[in-house]
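A.B. asks: here is a sequence together with a model predicted from it:
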Amino acid sequence: MYINKIKLEGFRNYKKQEINLQKGINIFYGDNAQGKTNILEAIFICAIGKSFRTKKEIELINFQEEKANIEINYKRKDREGKIRVELYNNQKNFFSNGIKLKKISELLGKINIVMFSPENIDIIKGTPQNRRKFLDIAISQLKPAYLYNLNQYLKTLEQRNTYLRQIKYENKPIEMLEIWNEKISELSEKIYEERKEYIKKIKDKIYKIHKNVTNNNEEIEIKYISSFNNKYEFIEGLKKNIEIDLKRGYTSLRYTQR
Ligand SMILES: Nc1ncnc2c1ncn2[C@@H]1O[C@H](COP(=O)(O)OP(=O)(O)O)[C@@H](O)[C@H]1O
Ligand SMILES: [Mg+2]
């Protein structure tokens, strides 16, 4: 797929701007603080539903405007489409071909992107959390069910944490915790499998690209290392930490973070 048009209105430093793009490589160049990254940010929002550099929607709207509009036309093998995002009062509305979307999950996968910027060196140098986030964004675009499981996982984790505190302060039965353990472990296994599968898929491509840019002098290795390999190991981990979890009132074994 490729993007053939971007329209910005009241977005960041753009009052009104139309940008036409070509199939293949497009290059934006210019002095600092001219709005190059802002264009990438607009694309990111249309693809992923949020910005990669701010959580505050108000920052995305031009200082002198009340609302912002981003519109992107894209072409795929089988169809063309238009995504529009409306921003105002810390509210975001998404439209696909004019139809308002109810959930972000309906947006994902329409425009497929991979964002790579100098900060992304964190994928290599930073904490595992950075790598998980990168994987989660990539896979969610390919598989809506993945995002669903991820959200279920985070929700269930919250529920388990609430229950841990109820055991501590309200004398609720500890046995009931197994319900949460079971559910969390099942979801973790699904997330784990998808991440493993994705790494497997991109591995060979990355090997080739890396060999090419290093003139065959270097070899890169990519492995997905998880602290467990199936739901049983995850349940064991949860059980092992039960004392400390009860004391703290939250789950210490965490597979992914918000
Ligand atoms: N909400 C906003 N309203 C108006 N201008 C903004 C807003 N947010 C950022 N800017 C301006 O956008 C510019 C930075 O754009 P950016 O895309 O990061 O530049 P670069 O071309 O260096 O990547 C700065 O001039 C900044 O003042
Ligand atoms: Mg920039």
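C.D. replies: Thanks, I have the structure now. Ligands and ions are numbered 1, 2, ... in the order given.
A.B. asks: I figured K168 hits D245, correct?
C.D. replies: No: K168 is beyond contact range of D245, at 9.7 Å (criterion: Cβ atoms under 8 Å). Just so you know, the C-beta spots here come from the backbone N, C-alpha and C atoms, and that holds for glycine as well.
A.B. asks: more crowded one of those two?
C.D. replies: Neighbour count, other Cβ atoms under 10 Å: between K168 and D245, D245 has more, with 21 against 14.
A.B. asks: quickly find the element holding the more buried one.
C.D. replies: According to DSSP states H and E, D245 maps onto helix 242-248.
A.B. asks: CA atoms of that helix as PDB?
C.D. replies: Taking C-alpha atoms only, helix 242-248 is exported to PDB below (Å, rounded to 0.1, in the frame of the first residue of the first chain):
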ATOM      1  CA  ILE A 242       2.100 -14.900  45.500                       C
ATOM      2  CA  GLU A 243       3.600 -13.800  48.900                       C
ATOM      3  CA  ILE A 244       5.200 -10.700  47.500                       C
ATOM      4  CA  ASP A 245       2.100  -9.900  45.400                       C
ATOM      5  CA  LEU A 246      -0.100 -10.000  48.400                       C
ATOM      6  CA  LYS A 247       2.300  -7.800  50.400                       C
ATOM      7  CA  ARG A 248       2.500  -5.200  47.600                       C
END
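A.B. asks: please name every helix or strand in contact with that helix.
C.D. replies: Judged by 3 or more Cβ pairs under 8 Å, 6 or more residues apart in numbering; DSSP states H and E, the packing partners of helix 242-248 are helix 144-170.
A.B. asks: elements contacting whichever helix or strand comes after the helix it packs on?
C.D. replies: Counting by DSSP H and E, the next helix or strand C-terminal to helix 144-170 is helix 177-213. Counting by 3+ Cβ pairs under 8 Å, 6+ apart, the packing neighbours recorded for helix 177-213 are helix 128-142, helix 144-170, helix 231-240.
A.B. asks: who wins for proximity to ligand 1 among these?
C.D. replies: Closest of those to ligand 1 is helix 128-142, at 20.2 Å (criterion: Cβ to the nearest ligand atom).
A.B. asks: out of the helices and strands packed on helix 177-213, which gets nearest to ligand 2?
C.D. replies: Ligand 2 lies closest, by Cβ to the ion, to one member of the helices and strands packed on helix 177-213: helix 128-142, at 19.2 Å.
A.B. asks: next one: stretch 110-127 to chain centre, how far?
C.D. replies: Centroid separation for stretch 110-127 versus its chain: 10 Å, with Cα atoms, centre = their mean, to the nearest Å.
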